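**Q** Sequence plus the predicted model coming up.
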Amino acid sequence: MKTPVNQATLKQHLTYNWWKYPLLFILTFFAVDLLYTTTAYRSPPEKKVEFYIYGYADTNALNEYMARVNQEQMPDMEVMDCLTLMDDDAYGPMQLTTYLAVAEGDLYLLPREQFLTVAYDGALLPLEDQTELMDTFSRAGRSLQNGWRRSSETGETHLFGIPADKVPGLRQYAYAKDGYLCVLYAGGNTENTLKFLSILVNDMFEEPPASGEETEGAASAAP
């Protein structure tokens, strides 16, 4: 015989089973969240260029710059953005190692110590065969000698990084101590990462003018 549903039986039920309802709500929430997370669209690696900075970055300004490049020069990319790593001795190396292990990030700005380690481990793409990029520095007489390092994987020496001090305009957006711009070897979008690196170098090749110089230049150009 079925138990009648009335105020007394309902009160007894809630007394002993109330905890099941918030639990059911929590489980439903996480189930919906998991379903969304696993089914949400994600841009494929060949449609993303991600710039990881181990140091300081004005992420708002840098993302605005990358959005302009995306719109005007690389419209086939679905995602172009930047991310900063923790610049400290405790968590920074751990975070960098994790990103490298799962091949996250395409272009990196690394401090000298981390650059030397990553280059030696063979995790970076050689850059000396990028003719257009090399010609930019060659014409200006800017040496990239410090970016040449030996890989323990092959025993060969390659240009694994562009010294950031050879691209002085970058300082208005990002900075790493004795930094180097480098491309992750295992990145899923090497061709477009190299294209963005070339654009970045050309845009940041010169020190940005001081605000006073900008004003003076605008005044002199006025009729």
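**A** Alright, I've got the coordinates. Numbering: from 1, shown residues only.

**Q** in the chain, which spans are helices?
**A** According to DSSP state H, the chain carries its helices in the segments 7-17, 20-39, 59-72, 92-101, 112-120, 131-140, 190-203, 211-221.

**Q** And these, which one averages the lowest pLDDT?
**A** Lowest mean pLDDT of the helices of the chain: helix 211-221, a mean of 45.

**Q** burial of His158, as a residue count?
**A** 19 (other C-beta atoms under 10 Å). From N, CA and C alone the C-beta is placed, and that goes for glycine too.

**Q** In space, what's closest to it - neighbours in sequence excluded?
**A** Take His158 and drop its neighbours on the chain: the residue closest to it by C-beta to C-beta, 6 or more residues apart in numbering is Pro126, 3.6 Å away.

**Q** where's that neighbour relative to Asp81, distance?
**A** For Pro126, the distance to Asp81 equals 26 Å [C-beta to C-beta, to the nearest Å].

**Q** With neighbour numbers in mind, choose between those two.
**A** Ranked by neighbour count (other C-beta under 10 Å), Pro126 and Asp81 place Pro126 first, with 18 against 14.

**Q** show me the contacts for that one.
**A** By C-beta atoms under 8 Å, 6 or more residues apart in numbering, the contact set of Pro126 is 158-160.

**Q** Could you measure from it over to Arg149?
**A** Using C-beta to C-beta, we find Pro126 at a distance of 10 Å from Arg149.

**Q** Also Tyr54?
**A** 17 Å.

**Q** So between those two, which is more surrounded?
**A** Shown here are Tyr54 and Arg149; by other C-beta under 10 Å, Tyr54 has more neighbours (27 against 19).

**Q** From Ala186, how far out is that one?
**A** 17 Å.

**Q** Then Phe51?
**A** Counting by C-beta to C-beta - Phe51 and Ala186 are separated by 16 Å.

**Q** ok, now Ala90?
**A** From Ala90 to Ala186 the distance is 26 Å (C-beta to C-beta).

**Q** Pretty sure Ser152 sits against Ala123.
**A** No - counting by C-beta atoms under 8 Å, Ser152 sits too far from Ala123 to count as a contact (10.5 Å).

**Q** neighbour count winner among the two?
**A** Higher neighbour count among Ser152 and Ala123: Ala123, with 19 against 9, using other C-beta under 10 Å.

**Q** which residues touch the more buried one?
**A** 100, 184-186.

**Q** Would you tell me which one of those comes nearest to Asp106?
**A** Proximity of the contacts of Ala123 to Asp106 (C-beta to C-beta) peaks at Leu184, which lies at 6.0 Å.
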